[in-house]
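Peer 1: Model the structure of this input:
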Amino acid sequence: MRSTLLVAAVCGLVMAIWLFPVDFLWPGAGGPWRMAGDAAQHAVAQRYFIASPWGWPVLDVAMLGGLNLAFADGIPLLALPLKLLAPLLPAGFHGIGLWYALAWVALPASAAWAMAGAGERRALPLLALAFAAMSMPAFIMRFGHAALCGHFLLWLGLGCYLRLVAGRRIWPAAVALQGAALLVHPYLAVMTLALLAAVPLTLLLRRGPWLRAALGAGAGLAFVGGIMTVLGYLGAQGDGQRWYGAFALNLLSPLWPFRSFFLGGGIAAEIDATGHGGWEGYNWLGLGLALGIALVVAWRPSAVLRGLAAHAGLVLACLGLTALAVSFRVGLGGAVILDLGEAPGLLEQFRASGRFFWPVGAALLLGVSVLLARQGRVGLVALALLAVVQFVDATPSRLALHDWARAQAPWRIDAATLRPLLASAGRVTLLPSWPCTAPDDHATREALLEMLALASETPRPINTMYAARWRETPVCTDAATRASPPAPGELRLDVSSGSWRVIAAPR
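Peer 2: Predicted coordinates:
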């Protein structure tokens with residue numbers, strides 16, 4: 001089986017090499033292009049973290065005013081070892097591009113490992129699932145957000161579930177997985193914890209030894225809580241707005257074939273009922289998986305029912321994740337058909353709730369693959385064909401990722417003039433700062449993010465940052481800053497309305 005897992009990883013590596021150019025995977029300072037959007041935020045956060053002195057909590061970034069790296073989605077699981085290796089890395093290096101490649105290499109091998117947890121050891125079904133898993137549209141289309149491409153953690157969670165339910169003593173590894181998921185992104189940690197909680201639920205409903213499993217699941221939760229406490233995750237706040245339900249899973253989303261090679265003609269966007277677009281709730285299953293579900297239900301309905309009953313805890317966990325994804329504003333097509341009002345404040349931490357369907361899609365693909373693999377030669381042929389259909393159906397998504405990774409957005413600011421100024425500064429002040437910029441002032445926000453990206457090539461303490469969460473919501477203090485004289489060595493830049501000018505240069 002190890003050789004099969006290696007082949008699956010090599011397939012992922014081949015895809016990563018095709019998808020991502022070398023300067024995307026191994027960036028440095030002084031380049032002619034920049035990362036844009038959320039990927040730029042992640043790169044800025046990692047660069048500043050790697051360049052900042054160690055502090056406490058460990059994830060606090062001194063040159064960003066003590067902002068926790070995780071609140072800017074800087075992937076601490078990768079950033080921590082990169083910080084240790086900083087003397088060996090090129091100037092301006094960050095690991096965001098590298099993370100994309102790691103995610104693509106790890107996912108097919110993790111999916112094959114998950115299927116092996118159901119007792120499958122043959123190469124054909126394991127590799128068929130590996131190809132289908134790395135063709136899940138919800139995985140491919142997360143490319144704008146590096147940390148959330150870590151879907152391989154969900155497959156590892158499913159593999160741990162199957163082994164633990166079968167009595168395998170891998171609790172230390174399963175608990176460690178929860179910590180790793182948290183250090184990639186808290187959303188992923190919630191998903192893997194739900195899969196871990198399914199173990200005692202399944203054993204309880206089977207009238208098996210559930211108590212020890214419950215203690216193990218509790219240990220996983222405690223481990224996550226301990227990491228959050230020690231590394232400064234607690235107390236995170238958003239922007240104060242009530243967003244839960246705006247970025248939810250539409251009930252039609254798993255069947256809405258946006259970007260489908262076979263069925264996507266004429267479908268221009270994700271399905272949405274909330275007016276905020278359907279991006280976070282995008283969960284098209286892929287034609288291969290959709291056909292696979294229909295096939296096993298029609299061909300072996302009794303086997304489907306037995307499988308659901310045997311893994312009732314996982315079914316309940318998936319139903320709970322689906323309910324969380326659907327949110328308090330239930331959308332069907334273009335309409336909200338049920339509005340339960342304002343959600344509890346805790347759920348506002350997970351305002352992009354549509355993401356919580358990802359492990360459900362993975363579990364559906366795993367279940368279909370296992371059932372087909374057990375139906376003899378005909379089932380194996382059907383599984384292989386469905387994997388091919390799934391792979392081909394995802395072609396538009398892969399091409400979109402391929403083109404995005406090669407877009408290489410040019411600098412709109414005068415990078416050649418600004419680089420020496422930024423490098424010679426003792427600190428950098430950008431005006432207006434992020435909390436002083438209106439949410440609809442896209443030109444200024446884009447200019448701020450571009451200036452942050454350029455400044456992060458040679459990091460100096462800076463007054464502002466774009467972050468998803470804060471310990472204390474930042475307030476606008478630009479008036480006081482403008483009224484005060486520049487400090488020695490301070491570079492002040494005005495980036496209002498998307499342009500830039502030097503207010504004060506280092507003396």
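
Peer 1: and the closest residue to Q178 other than its chain neighbours, what pLDDT?
Peer 2: The shortest distance from Q178 to any non-neighbouring residue, by CB to CB, 6 or more residues apart in numbering, is to G220 (4.3 Å). In short, each C-beta sits where N, CA and C put it, glycine included. According to the prediction, G220 has pLDDT 98.

Peer 1: count of residues packed around G220?
Peer 2: Neighbour count of G220, defined by other CB atoms under 10 Å: 26.

Peer 1: Remind me which helix or strand it belongs to.
Peer 2: Per DSSP states H and E: G220 is located in helix 210-230.

Peer 1: Next, please give the residue ranges for the strands of this protein.
Peer 2: 33-34, 60-61, 67-68, 329-332, 335-339, 409-410, 427-431, 490-494, 501-504 (DSSP state E).

Peer 1: Buried ones in the fourth one, by neighbour count?
Peer 2: Spelled out, that is strand 329-332. 329-331 (16 or more other CB atoms under 10 Å).

Peer 1: Looking at these, which has the smallest pLDDT value?
Peer 2: Minimum confidence in the buried residues of strand 329-332 sits at R329, scoring 93.

Peer 1: and that residue, what is it in contact with?
Peer 2: The neighbours of R329, taking CB atoms under 8 Å, 6 or more residues apart in numbering as the test, are 245-246, 248, 273-274, 336, 338-340.

Peer 1: Just grab the bridge partners of it for me.
Peer 2: D339 (DSSP bridges).

Peer 1: separation between it and W243?
Peer 2: 11 Å (CB to CB, to the nearest Å).

Peer 1: With A106 instead?
Peer 2: In terms of CB to CB, A106 sits 31 Å off from W243.

Peer 1: What is the burial count for L234?
Peer 2: 11.

Peer 1: Tell me the spacing between it and N68.
Peer 2: In terms of CB to CB, L234 sits 10 Å off from N68.

Peer 1: Would you mind splitting the protein into its domains for me?
Peer 2: 28-94+411-504, 98-405 (automatic domain parsing).

Peer 1: Now do the last one: distance to the chain's middle.
Peer 2: This means domain 98-405. 12 Å (CA atoms, centre = their mean, to the nearest Å).

Peer 1: May I have the distance across it, first residue to last?
Peer 2: By CA to CA, to the nearest Å, the extent of domain 98-405 from end to end equals 12 Å.

Peer 1: Which positions within stretch 243-258 qualify as buried?
Peer 2: 243-254, 256-258.

Peer 1: Any stretches of the chain with poor pLDDT?
Peer 2: Scanning the chain with the threshold set as pLDDT under 70 gives 238-241.

Peer 1: same thing but 80
Peer 2: 236-243, 345, 497-498, 504, 507 (pLDDT under 80).

Peer 1: which residue is nearest the centroid of it?
Peer 2: Central residue of the chain (CA atoms, centre = their mean): L148, 0.5 Å from the mean position.

Peer 1: quick one on the thing from earlier: out of the contacts of R329, the closest to L126 would be?
Peer 2: A248 (34.1 Å; CB to CB).

Peer 1: List the contacts of the residue lying closest to the closest one once chain neighbours are set aside.
Peer 2: Leaving aside its chain neighbours, A248 sits nearest to S327 (3.8 Å; criterion: CB to CB, 6+ apart). Counting by CB under 8 Å, 6+ apart, S327 makes contact with 244-245, 248-249, 343, 347, 353-354.

Peer 1: Likewise for W256?
Peer 2: Contacts of W256 (CB under 8 Å, 6+ apart): 250, 267, 270-271, 278, 284.

Peer 1: Run through the helices of the stretch 151-300 of the chain in chain order.
Peer 2: Along the stretch 151-300 of the chain, the stretches classed as helices by DSSP state H, counting those that start in this stretch are 152-165, 171-184, 186-205, 210-230, 287-299.

Peer 1: looking at those, which is buried most?
Peer 2: Of all the helices of the stretch 151-300 of the chain, helix 152-165 carries the top mean neighbour count, a mean of 26, counting by mean count of other CB atoms under 10 Å.

Peer 1: ok, back up a step: outside of the helix holding G220, which residues touch it?
Peer 2: Against helix 210-230 from outside (CB under 8 Å, 6+ apart): 57, 164, 171, 174-179, 182-183, 189, 193, 196-197, 199-201, 203-204, 233-234.

Peer 1: Just want the angle from that helix to helix 152-165.
Peer 2: Relative orientation of helix 210-230 versus helix 152-165 (axes from the mean of the first three to the mean of the last three CA atoms, to 10 degrees): 150 degrees.

Peer 1: All set now, cheers.
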